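>>> here is a sequence with its predicted model. Questions after.
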Amino acid sequence: LQVPCAPCQAVASGESRRFANKHSKKALKASLTLGILLGMFFVAWLPFFVTNVTQAVCGCVPAGFFDVLTWLGYCNSTMNPIIYPLFMRDFKRAMGKYLPCCRHSGEPRPSAISLSIRNSNSGPHAATSLKNVL
């Protein structure tokens with residue numbers, strides 16, 4: 001025996017499916033970003049740590065090779081500012097908001113006064129009094 005589905009239940013289940021689909025896309029993108037960041041970290045630093053342990057045990061690692069692996073780990077730190085904007089929209093917006101080289105031409109440049117007012121805890125009254133002073 002099947003009970004027919006009411007129209008409001010069909011709409012609610014469709015909305016919940018869309019919400020679940022949107023949520024799963026965000027979760028997949030976050031997992032992908034995290035996987036790439038952790039993968040890059042392991043690729044860059046794992047050889048350094050293995051070589052470091054090997055050096056402590058047998059002392060047979062050449063100094064030049066150890067330096068190359070150290071710089072490979074340092075390169076990971078320089079890759080993070082490249083990886084984050086590629087995969088994180090919020091990070092890209094923040095970079096564009098505060099760095100002149102990343103700003104779109106149509107976006108206004110924040111003034112020093114507006115940044116100081118925005119970062120202060122004084123509220124809107126401070127902005128009014130500052131305008132009167134200037």
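Done, it's in.
>>> any idea how far residue 44 is from residue 31?
Counting by Cβ to Cβ, to the nearest Å, the gap from residue 44 to residue 31 is 20 Å. (Glycine included, C-beta is placed from N, CA and C.)
>>> those two - which one has more neighbours?
Using other Cβ atoms under 10 Å, the more surrounded residue of residue 44 and residue 31 is residue 44, with 19 against 10.
>>> contact partners for residue 31?
Residue 31 makes no contacts at all, as judged by Cβ atoms under 8 Å, 6 or more residues apart in numbering.
>>> check what pLDDT it gets.
Note for residue 31: predicted pLDDT of 87.
>>> quick check: next helix or strand after the host helix or strand of residue 34?
Element membership for residue 34, per DSSP states H and E: helix 7-58. Later in the chain than helix 7-58, the nearest helix or strand by DSSP H and E is helix 63-87.
>>> quick one: the next helix or strand after that following helix to helix 7-58, angle?
Next along the chain after helix 63-87, taking DSSP H and E as the criterion, comes helix 89-98. Taking axes from the mean of the first three to the mean of the last three Cα atoms, to 10 degrees, one finds helix 89-98 and helix 7-58 inclined to each other by 80 degrees.
>>> what helices and strands are in contact with helix 89-98?
Applying 3 or more Cβ pairs under 8 Å, 6 or more residues apart in numbering; DSSP states H and E, we find helix 89-98 packed against helix 63-87.
>>> so which elements touch the helix it packs on?
Looks like helix 63-87 contacts helix 7-58, helix 89-98 (3+ Cβ pairs under 8 Å, 6+ apart).
>>> and that helix, what's buried?
69, 73, 76, 84, 85 (16 or more other Cβ atoms under 10 Å).
>>> what residues are up against the fourth one?
If I follow you right, that is residue 84. Applying Cβ under 8 Å, 6+ apart, the residues near residue 84 are residue 91.
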